[in-house]
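> take a look and give me a structure for this.
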Amino acid sequence: MDYVFEHRADILDGFLVTIRLTVVAGLASMVIGTLLAVFRVGPIPPLRFLGTTYVTLVRNTPLTLIFVFTTFGLPRMGIRLEFVTFATIALTVYTSAFVCEAVRSGVGSVASGEVEAARAIGLRFGQTMRFVVLPQALRAVVAPLGGVFNALLKNTSVAVAFSVVEANSMLRRLQNANGAATWPLLITTALGYVLLAAILFGIVRLVERRLAVAR
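Numbers count the residues shown, from 1 in each chain. Sure, this is the predicted structure:
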(Lines give C-alpha, C1' and ligand atoms only; values in the text may rest on other atoms or scores of the structure.)
Protein backbone atom coordinates (compact mmCIF):
# COMPACT_ATOMS: atom_id res chain seq x y z
CA MET A 1 0.00 0.00 0.00
CA ASP A 2 3.01 2.30 0.45
CA TYR A 3 3.59 2.08 -3.30
CA VAL A 4 -0.07 2.95 -3.96
CA PHE A 5 0.14 5.92 -1.59
CA GLU A 6 3.33 7.17 -3.27
CA HIS A 7 1.60 7.18 -6.65
CA ARG A 8 -1.75 8.47 -5.43
CA ALA A 9 -1.46 11.53 -7.70
CA ASP A 10 -1.01 9.35 -10.80
CA ILE A 11 -3.96 7.17 -9.79
CA LEU A 12 -6.11 10.23 -9.19
CA ASP A 13 -5.14 11.62 -12.60
CA GLY A 14 -6.25 8.37 -14.19
CA PHE A 15 -9.63 8.54 -12.49
CA LEU A 16 -10.03 12.19 -13.48
CA VAL A 17 -9.65 11.15 -17.12
CA THR A 18 -12.23 8.41 -16.53
CA ILE A 19 -14.63 10.98 -15.08
CA ARG A 20 -13.98 13.35 -17.97
CA LEU A 21 -14.70 10.63 -20.54
CA THR A 22 -17.88 9.61 -18.73
CA VAL A 23 -19.25 13.13 -18.30
CA VAL A 24 -18.46 14.46 -21.78
CA ALA A 25 -19.52 11.30 -23.61
CA GLY A 26 -22.60 11.02 -21.39
CA LEU A 27 -23.80 14.55 -22.15
CA ALA A 28 -23.13 14.19 -25.88
CA SER A 29 -24.85 10.78 -25.92
CA MET A 30 -27.88 12.25 -24.18
CA VAL A 31 -28.30 14.89 -26.87
CA ILE A 32 -27.64 12.59 -29.84
CA GLY A 33 -29.60 9.67 -28.38
CA THR A 34 -32.65 11.85 -27.71
CA LEU A 35 -32.50 13.23 -31.25
CA LEU A 36 -32.30 9.68 -32.64
CA ALA A 37 -35.31 8.69 -30.53
CA VAL A 38 -37.27 11.59 -32.03
CA PHE A 39 -36.23 10.41 -35.50
CA ARG A 40 -37.42 6.88 -34.76
CA VAL A 41 -40.89 7.95 -33.66
CA GLY A 42 -41.24 10.81 -36.13
CA PRO A 43 -43.43 11.02 -39.21
CA ILE A 44 -40.59 11.38 -41.75
CA PRO A 45 -39.65 7.94 -43.23
CA PRO A 46 -36.00 8.80 -44.14
CA LEU A 47 -35.32 9.99 -40.58
CA ARG A 48 -37.01 6.89 -39.12
CA PHE A 49 -34.82 4.75 -41.37
CA LEU A 50 -31.71 6.69 -40.34
CA GLY A 51 -32.45 6.31 -36.63
CA THR A 52 -33.32 2.62 -36.90
CA THR A 53 -30.26 1.83 -39.01
CA TYR A 54 -27.93 3.69 -36.65
CA VAL A 55 -29.24 1.92 -33.55
CA THR A 56 -29.23 -1.51 -35.21
CA LEU A 57 -25.69 -1.19 -36.53
CA VAL A 58 -24.11 0.37 -33.44
CA ARG A 59 -25.80 -1.90 -30.88
CA ASN A 60 -24.55 -4.95 -32.79
CA THR A 61 -21.01 -3.65 -33.22
CA PRO A 62 -18.41 -4.32 -30.49
CA LEU A 63 -17.21 -1.17 -28.78
CA THR A 64 -13.61 -2.12 -29.54
CA LEU A 65 -14.30 -1.97 -33.29
CA ILE A 66 -15.78 1.49 -32.90
CA PHE A 67 -12.63 2.53 -31.05
CA VAL A 68 -10.50 1.08 -33.87
CA PHE A 69 -12.44 3.03 -36.49
CA THR A 70 -12.26 6.35 -34.62
CA THR A 71 -8.62 5.99 -33.53
CA PHE A 72 -7.16 4.59 -36.76
CA GLY A 73 -9.83 5.22 -39.39
CA LEU A 74 -10.48 8.90 -38.84
CA PRO A 75 -6.77 9.88 -39.08
CA ARG A 76 -6.65 8.14 -42.49
CA MET A 77 -9.47 10.48 -43.51
CA GLY A 78 -7.37 13.47 -42.49
CA ILE A 79 -9.02 13.95 -39.08
CA ARG A 80 -6.28 14.17 -36.45
CA LEU A 81 -7.23 14.70 -32.82
CA GLU A 82 -5.97 13.76 -29.37
CA PHE A 83 -6.50 10.16 -28.29
CA VAL A 84 -8.81 11.33 -25.49
CA THR A 85 -10.98 13.07 -28.07
CA PHE A 86 -11.09 9.95 -30.24
CA ALA A 87 -12.09 7.93 -27.16
CA THR A 88 -14.84 10.42 -26.35
CA ILE A 89 -16.20 10.16 -29.91
CA ALA A 90 -16.17 6.36 -29.79
CA LEU A 91 -17.95 6.24 -26.44
CA THR A 92 -20.50 8.80 -27.62
CA VAL A 93 -21.26 6.93 -30.83
CA TYR A 94 -21.75 3.68 -28.92
CA THR A 95 -23.70 5.01 -25.94
CA SER A 96 -26.05 7.15 -28.07
CA ALA A 97 -27.70 4.02 -29.45
CA PHE A 98 -28.59 2.80 -25.96
CA VAL A 99 -29.77 6.24 -24.85
CA CYS A 100 -31.98 6.32 -27.94
CA GLU A 101 -33.69 3.05 -27.01
CA ALA A 102 -34.18 4.14 -23.40
CA VAL A 103 -35.74 7.46 -24.45
CA ARG A 104 -37.87 5.75 -27.10
CA SER A 105 -39.31 3.44 -24.46
CA GLY A 106 -40.15 6.53 -22.41
CA VAL A 107 -41.90 8.09 -25.40
CA GLY A 108 -43.99 4.95 -25.69
CA SER A 109 -45.12 5.35 -22.07
CA VAL A 110 -46.74 8.75 -22.72
CA ALA A 111 -50.52 8.47 -23.00
CA SER A 112 -51.71 8.74 -26.59
CA GLY A 113 -54.54 10.99 -25.43
CA GLU A 114 -52.05 13.70 -24.46
CA VAL A 115 -50.46 13.58 -27.89
CA GLU A 116 -53.85 13.80 -29.57
CA ALA A 117 -54.80 16.73 -27.35
CA ALA A 118 -51.58 18.54 -28.31
CA ARG A 119 -52.33 18.05 -31.97
CA ALA A 120 -55.92 19.16 -31.45
CA ILE A 121 -54.79 22.56 -30.20
CA GLY A 122 -52.57 23.01 -33.25
CA LEU A 123 -49.12 21.96 -32.02
CA ARG A 124 -46.83 20.60 -34.72
CA PHE A 125 -44.87 17.37 -34.26
CA GLY A 126 -41.74 19.15 -33.07
CA GLN A 127 -43.68 21.25 -30.58
CA THR A 128 -45.57 18.21 -29.31
CA MET A 129 -42.33 16.35 -28.71
CA ARG A 130 -40.64 19.33 -27.06
CA PHE A 131 -43.42 20.50 -24.76
CA VAL A 132 -45.52 17.38 -24.13
CA VAL A 133 -43.82 14.09 -24.90
CA LEU A 134 -40.10 14.44 -24.12
CA PRO A 135 -40.49 16.03 -20.65
CA GLN A 136 -42.65 13.10 -19.55
CA ALA A 137 -40.57 10.50 -21.40
CA LEU A 138 -37.30 11.63 -19.81
CA ARG A 139 -38.85 11.57 -16.35
CA ALA A 140 -39.99 8.00 -16.94
CA VAL A 141 -36.56 6.70 -17.98
CA VAL A 142 -34.25 8.22 -15.36
CA ALA A 143 -33.46 4.78 -13.90
CA PRO A 144 -32.80 3.08 -17.27
CA LEU A 145 -30.59 5.99 -18.31
CA GLY A 146 -28.71 5.57 -15.05
CA GLY A 147 -27.96 1.99 -16.09
CA VAL A 148 -26.76 3.19 -19.50
CA PHE A 149 -24.40 5.74 -17.94
CA ASN A 150 -23.13 3.17 -15.45
CA ALA A 151 -22.23 0.95 -18.42
CA LEU A 152 -20.54 3.98 -20.01
CA LEU A 153 -18.44 4.46 -16.88
CA LYS A 154 -17.17 0.90 -17.14
CA ASN A 155 -16.73 1.11 -20.91
CA THR A 156 -14.17 3.87 -20.46
CA SER A 157 -11.71 1.12 -19.54
CA VAL A 158 -11.63 0.07 -23.22
CA ALA A 159 -9.69 3.28 -23.89
CA VAL A 160 -6.65 1.68 -22.22
CA ALA A 161 -5.91 -0.16 -25.47
CA PHE A 162 -5.82 3.09 -27.43
CA SER A 163 -3.21 5.13 -25.55
CA VAL A 164 -5.66 6.91 -23.25
CA VAL A 165 -4.30 7.16 -19.72
CA GLU A 166 -7.48 6.58 -17.72
CA ALA A 167 -7.80 4.68 -14.43
CA ASN A 168 -7.33 1.18 -15.86
CA SER A 169 -4.38 2.27 -17.99
CA MET A 170 -2.67 3.82 -14.97
CA LEU A 171 -3.22 0.58 -13.06
CA ARG A 172 -1.36 -1.39 -15.73
CA ARG A 173 1.50 1.08 -15.87
CA LEU A 174 2.03 0.95 -12.13
CA GLN A 175 1.74 -2.86 -12.14
CA ASN A 176 4.46 -3.09 -14.77
CA ALA A 177 6.68 -0.84 -12.66
CA ASN A 178 6.16 -2.86 -9.46
CA GLY A 179 4.61 -6.32 -9.78
CA ALA A 180 4.62 -6.79 -6.00
CA ALA A 181 1.98 -4.08 -5.68
CA THR A 182 -0.48 -5.80 -8.04
CA TRP A 183 -3.13 -6.66 -5.45
CA PRO A 184 -3.12 -3.29 -3.67
CA LEU A 185 -3.40 -1.57 -7.06
CA LEU A 186 -6.24 -3.84 -8.16
CA ILE A 187 -8.12 -3.26 -4.92
CA THR A 188 -7.59 0.50 -5.11
CA THR A 189 -8.78 0.69 -8.71
CA ALA A 190 -11.79 -1.52 -8.02
CA LEU A 191 -12.78 0.62 -5.03
CA GLY A 192 -12.38 3.72 -7.19
CA TYR A 193 -14.83 2.37 -9.78
CA VAL A 194 -17.22 1.30 -7.04
CA LEU A 195 -17.09 4.79 -5.55
CA LEU A 196 -17.78 6.42 -8.92
CA ALA A 197 -20.66 4.03 -9.58
CA ALA A 198 -22.09 4.79 -6.13
CA ILE A 199 -21.89 8.53 -6.81
CA LEU A 200 -23.64 8.01 -10.17
CA PHE A 201 -26.33 5.91 -8.48
CA GLY A 202 -26.81 8.63 -5.86
CA ILE A 203 -27.24 11.27 -8.55
CA VAL A 204 -29.81 9.12 -10.35
CA ARG A 205 -31.78 8.59 -7.13
CA LEU A 206 -31.65 12.31 -6.37
CA VAL A 207 -32.96 13.18 -9.83
CA GLU A 208 -35.72 10.58 -9.48
CA ARG A 209 -36.84 12.07 -6.18
CA ARG A 210 -36.75 15.63 -7.48
CA LEU A 211 -38.82 14.68 -10.51
CA ALA A 212 -41.25 12.74 -8.31
CA VAL A 213 -41.78 15.88 -6.23
CA ALA A 214 -42.19 17.95 -9.39
CA ARG A 215 -44.95 15.66 -10.60
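
> quick check, pLDDT for the one residue sitting closest to the centre of the chain.
Note on the chain: the residue nearest the mean C-alpha position is residue 26, at 3.8 Å, using C-alpha atoms, centre = their mean. On pLDDT, residue 26 comes in at 95.

> same question for residue 163.
pLDDT at residue 163 comes out at 52.

> tell me the spacing between residue 202 and residue 144.
Distance of residue 202 to residue 144, computed by C-beta to C-beta, to the nearest Å: 17 Å. Glycine gets a C-beta too; all of them are placed from N, C-alpha and C.

> residue 116 now?
The gap separating residue 116 from residue 144 is 26 Å, by C-beta to C-beta.

> circling back to that earlier point, and the closest residue to the residue nearest to the centre of the chain other than its chain neighbours, how many neighbours?
Spatial nearest neighbour of residue 26, chain neighbours left out: residue 149 (5.2 Å); criterion: C-beta to C-beta, 6 or more residues apart in numbering. Residue 149 has 23 neighbouring residues, counting by other C-beta atoms under 10 Å.

> list the contacts for residue 149?
If a contact means C-beta atoms under 8 Å, 6 or more residues apart in numbering, then residue 149 has 22, 26, 95, 200, 204 as its contacts.

> which pair in those residues has the greatest spatial separation?
Distances among the contacts of residue 149 were taken as C-beta to C-beta; the most separated pair is 95 and 204, at 15.5 Å.
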